[in-house]
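In: How does the following fold in three dimensions:
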Amino acid sequence: MEERKNSLHKIKQDLDGYVGQRVRLKANKSRKRTYVREGIIEQTYPSIFVIAIDEERMSPRKISFCYSDILTNNVELTLCKDNKVIQCG
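Out: Numbering: from 1, shown residues only. Modelled structure (predicted):
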């Protein structure tokens, strides 16, 4: 349990360095459905991080994820400027 807690803390520390960066988000919505969106990592909190999604036809919205979503590969973040996958943990 302690090892997992340290991994989640490391993921948070890694994401702290990317706040304000534009990323491509690939998230598993359900069993076989994934969606891809672009947005900016707006803020990191102790248990979650927030991405501001900007879509053309809709008003801007914010989506939050747990750090465990990255740990379990339910969410993958890629930096838009150089197509580099963000390695966390």
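In: which element is the spatially most central residue of the chain on?
Out: Central residue of the chain (C-alpha atoms, centre = their mean): residue 77, 5.3 Å from the mean position. For residue 77, the element it lies in under DSSP states H and E is strand 75-79.
In: who does the longest strand along the chain touch, helix- and strand-wise?
Out: Ordering each strand of the chain by length in residues (DSSP state E) puts strand 34-44 first. Applying 3 or more C-beta pairs under 8 Å, 6 or more residues apart in numbering; DSSP states H and E, one finds that strand 34-44 contacts helix 2-16, strand 22-28, strand 48-53, strand 61-66. No exception for glycine: its C-beta is placed from N, CA and C like everyone else's.
In: Show the low-confidence segments of this protein, by residue range.
Out: Residue ranges of the chain with pLDDT under 70: 1-5, 82-89.
In: redo that, cut-off 80
Out: Filtered on pLDDT under 80, the chain yields the residue ranges 1-6, 30-31, 54-60, 81-89.
In: Restricting the selection to alpha carbons, write the strand holding residue 77 to CSV.
Out: Backbone C-alpha positions of strand 75-79 (Å, rounded to 0.1, in the frame of the first residue of the first chain) are rendered in CSV as follows:
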residue,chain,number,x,y,z
VAL,A,75,-5.8,8.0,-19.1
GLU,A,76,-2.8,8.8,-21.3
LEU,A,77,-1.5,12.3,-21.7
THR,A,78,0.6,13.5,-24.6
LEU,A,79,2.3,16.9,-24.9
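In: Neighbouring strands - and their directions - for it?
Out: Next to strand 75-79 in the sheet, as set by DSSP bridges, lie strand 22-28 (antiparallel), strand 84-85 (antiparallel).
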